[in-house]
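Enquirer: structure for this input, please:
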Amino acid sequence: MNAPLPKAPINWIAVFALVLLPIIALIAIPLYAYHHDFSAAAWISMFVLLGVSSLGITAGYHRLWAHRAYEATLPLKIILMIMGTFAVQNSILFWASGHRTHHRHVDDVDQDPYSINKGFWYAHIGWMLRDYPAGAPNYKNAPDLLKDKVVMFQDKYYVPLVIAVHAAILLPIGWAVGDVWGVLLLGGLMRLILSH
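Expert: Numbering: from 1, shown residues only. Sure, this is the predicted structure:
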């Protein structure tokens with residue numbers, strides 16, 4: 001009798017982002033609403049910033065870098081990189097290369113990093129919670145991205161950029177509207193949960 005295959009190691013960063021942050025949000029957002037209420041500006045920030053981060057993924061990570069559907073000027077690349085960084089879906093290099101692998105192996109359950117044939121949960125969330133072999137970075141399919149200075153800058157400094165972009169966007173908005181905590185909770189935390 002064959003021994004069962006070991007489970008892939010847990011990706012603790014993804015577990016924090018996709019499991020722990022929603023739990024924190026489920027506690028912090030109602031508590032804040034009960035004690036302080038949210039300003040209209042905090043609610044507006046959530047919807048506007050959700051659009052900003054979503055556009056960074058769809059127009060930037062997906063259409064520009066993964067599929068090379070159009071050419072972009074350097075200023076537009078920088079703007080899309082910032083917007084995509086704000087979405088916190090990993091670096092452009094990791095995301096676009098993984099998406100290219102997905103398209104190349106969409107019919108191969110073992111090589112598609114997020115195969116729908118493994119179920120809805122796996123295809124949308126489960127594949128990120130463990131370090132499965134199919135999801136291991138392999139940038140052979142991304143020589144163009146390895147030459148792109150914006151992509152490589154973001155990949156090298158991804159974590160500090162995530163922190164800096166969030167501080168540079170959320171804190172000034174919160175200060176300007178007089179609801180820093182409301183903007184941090186709705187425009188920051190809730191937006192992150194809704195965008196994943």
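Enquirer: going by C-alpha atoms from here, please, whenever you check contacts or count neighbours.
Expert: Will do.
Enquirer: which elements pack onto the longest helix along the chain?
Expert: Ranked by number of residues, the top helix in the chain under DSSP state H is helix 158-177. If contacts are counted by 3 or more CA pairs under 8 Å, 6 or more residues apart in numbering; DSSP states H and E, helix 158-177 sits against helix 40-55, helix 74-87, helix 180-183.
Enquirer: point out the most buried one among these.
Expert: Of all these, helix 180-183 carries the top mean neighbour count, a mean of 24, counting by mean count of other CA atoms under 10 Å.
Enquirer: so which residues make contact with that helix?
Expert: Here helix 180-183 makes contact (CA atoms under 8 Å, 6 or more residues apart in numbering) with Tyr32, Phe38, Ser39, Ala41, Ala42, Trp43, Ser45, Met46, Leu170, Leu171, Ile173, Gly174.
Enquirer: ok, the first one to Gly188 distance?
Expert: What it means is Tyr32. According to CA to CA, to the nearest Å, Tyr32 and Gly188 sit 14 Å apart.
Enquirer: please apply the same query to the fourth one.
Expert: As judged by CA to CA, Ala41 and Gly188 stand 13 Å apart.
Enquirer: neighbour count winner among Tyr32 and Gly188?
Expert: Gly188 (24 against 14; other CA atoms under 10 Å).
Enquirer: list the residues that contact the more buried one.
Expert: Met46, His166, Leu170.
Enquirer: which residues touch the spatially closest residue to the first one that is not a sequence neighbour?
Expert: Think Met46. Once flanking residues are discounted, Met46 sits nearest to Gly187: 3.8 Å by CA to CA, 6 or more residues apart in numbering. By CA under 8 Å, 6+ apart, the residues touching Gly187 are Ala42, Trp43, Ser45, Met46, Phe47, Leu49, Leu50, Leu170.
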